[in-house]
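1. generate a structure from the sequence data that follows.
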Amino acid sequence: MSHTSSNRLVVAISSRALFDFEEENRVFELSDDRAYMRLQWDRMQTPANPGVAFGLVQKLLAFNKVAESQLVEVVVLSRNDPVSGLRVYHSAKTHGLDIQRGVFTRGEAPYRYLRPLSANLFLSANATDVEQALIYGFPAAHVYPHSAKASKDRPNELRIAFDGDAVLFSDEAERVYQNQGLEAFVSHETERANMPLPPGPFKPLLEALVSLRQSQASGMTIRTALVTARSAPAHERAIRTLMQWNVEIDEAFFLGGLDKSGFLKEFEPDFFFDDQTRHCESAAATTPTGQVISGITNHPKTT
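-> The predicted structure is shown next:
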């Protein structure tokens, strides 16, 4: 399901995902929101350092620089109070980020504002907010605040890497694997090689990126990768599904259980999305990483 009311790609992002507010957040956790607000006010003229998703946002906004119309909009959607939100705006301006819209809820769950924002993606350092957004039907990921920062080697190319099952695709096949084992999984996928997988929570984002890639006026390019634990023969269904969706992936890694981090380090994505904690923790050492908190690996009791 697409939530875009126009051709614009809309990304909603929390303050801690965009900027490094970890020290300020510790004050909040050890004290209260008033102490946090006071600290942010005292630091108003001190620009916050870039956070994990800063590089991603910087490249997304670069699509607007030479385009005839605004192709991408980034909106701050945060549990911060409006005073702390003022520092977010000041920091964004100092770093040259053209961010105009913001929603600050002072501790209230922000996910319900994704619909009126027509968001294609929500990135947050708050896992609960991400879970709620996914239930609400929006692509969302829990940003690992201590992830490695994105490479600056390709300023004119946006690189995004996706896991397959429970991210681009539904967790249908993953459920078979978790409940019945590898042999049953391979048999299940081989028998259904010609049957497209149901869409996962991030299919709308992939489609939005495909639309953005078609814009030639921005001077930016996009490169995508599928990085999955699948291997032959289970790879075929994944490829056929993407073909049926009429969606092109530039690179595909069918790793059959190999650690993903080494491959991600070479691909150098601006962001990587995976549903499993162990994959995210490993990837975060080399790559900006967000966990898609969906599917059977995150909610085993609901199966």
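2. now the residue minimising distance to the centre of the chain: closest residue in space that isn't a chain neighbour?
-> The chain has residue 141 as the residue nearest its centroid, 4.8 Å off, counting by Cα atoms, centre = their mean. Spatial nearest neighbour of residue 141, excluding adjacent residues (Cβ to Cβ, 6 or more residues apart in numbering): residue 290 at 3.0 Å. Where you see a C-beta, it was placed from the backbone N, CA and C, and this is true even at glycine.
3. and that neighbour, what does it touch?
-> 53, 123, 141-144, 271-273, 280 (Cβ atoms under 8 Å, 6 or more residues apart in numbering).
4. using CSV, lay out those residues together with secondary structure.
-> Below are the contacts of residue 290 laid out as CSV (DSSP: H, G, I helix; E, B strand; the rest coil):
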residue, secondary structure
53, coil
123, strand
141, strand
142, strand
143, strand
144, coil
271, strand
272, strand
273, strand
280, helix
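5. of those residues, closest to residue 167?
-> Nearest to residue 167 among those is residue 273, at 5.5 Å by Cβ to Cβ.
6. the closest one: neighbour count?
-> By other Cβ atoms under 10 Å, 27 other residues sit near residue 273.
7. tell me the pLDDT at it?
-> With respect to pLDDT, residue 273 scores 98.
8. okay, and the beta partners of it?
-> Beta-bridge pairing of residue 273 under DSSP bridges involves residue 162, residue 290.
9. grab the longest helix from the chain for me.
-> Counting residues, the longest helix found in the chain (DSSP state H) is helix 82-94.
10. now that one: buried residues?
-> 84-88, 90-92 (16 or more other Cβ atoms under 10 Å).
11. give me the residues contacting the one helix or strand in the chain whose mean pLDDT sits lowest.
-> One helix or strand of the chain scores below all others by mean pLDDT, DSSP states H and E: helix 22-30, with a mean of 82. Here helix 22-30 makes contact (Cβ under 8 Å, 6+ apart) with 16, 35-36, 39-40, 43, 84, 125, 145-146.
12. closest to residue 202 out of those residues?
-> Closest approach to residue 202 among these (Cβ to Cβ): residue 125, at 18.5 Å.
13. before we move on, back to that, show me what the longest helix of the chain is packed against.
-> Helices and strands touching helix 82-94, by 3 or more Cβ pairs under 8 Å, 6 or more residues apart in numbering; DSSP states H and E, are helix 15-18, helix 33-42, strand 72-78, strand 102-104.
14. could you list the low-pLDDT ranges of the stretch 51-200 of the chain?
-> Along the stretch 51-200 of the chain, the parts satisfying pLDDT under 70 run over 67.
15. can you map out the strands along the stretch 151-300 of the chain?
-> In the stretch 151-300 of the chain, the segments counted as strands under DSSP state E, counting those that start in this stretch are 157-162, 221-228, 251-254, 271-274, 289-291.
16. strand partners (parallel or antiparallel) of the third one?
-> Spelled out, that is strand 251-254. Those paired with strand 251-254 in the sheet (DSSP bridges) are strand 221-228 (parallel).
17. which residues sit in contact with residue 44?
-> By Cβ under 8 Å, 6+ apart, the residues touching residue 44 are 86-87, 90.
18. over to residue 52?
-> Neighbour list for residue 52: 17, 143-147, 149, 288-289 [criterion: Cβ under 8 Å, 6+ apart].
19. that one sits in which helix or strand?
-> Per DSSP states H and E: residue 52 is located in neither a helix nor a strand.
20. against residue 8, how distant is it?
-> Going from residue 52 to residue 8 by Cβ to Cβ, to the nearest Å gives 24 Å.
21. do the same with residue 36
-> From residue 36 to residue 8 the distance is 32 Å (Cβ to Cβ).
22. compare neighbour counts for these two and give me the winner.
-> Shown here are residue 36 and residue 8; by other Cβ under 10 Å, residue 36 has more neighbours (22 against 17).
23. just give the nearest non-adjacent residue to the more buried one, would you?
-> residue 28 (3.9 Å).
24. roughly how far does the one you found sit from residue 16?
-> With Cβ to Cβ as the criterion, residue 28 and residue 16 are 10 Å apart.
25. more neighbours: the two, which one.
-> Shown here are residue 28 and residue 16; by other Cβ under 10 Å, residue 16 has more neighbours (24 against 20).
26. residues contacting that one?
-> 22, 25, 51, 124-126, 143, 145.
27. show me how the record splits the protein into domains.
-> 9-143, 157-302 (automatic domain parsing).
28. now the longest one, how far from the centre of its chain.
-> Meaning domain 157-302. Distance of domain 157-302 from its chain centroid, counting by Cα atoms, centre = their mean, to the nearest Å, is 12 Å.
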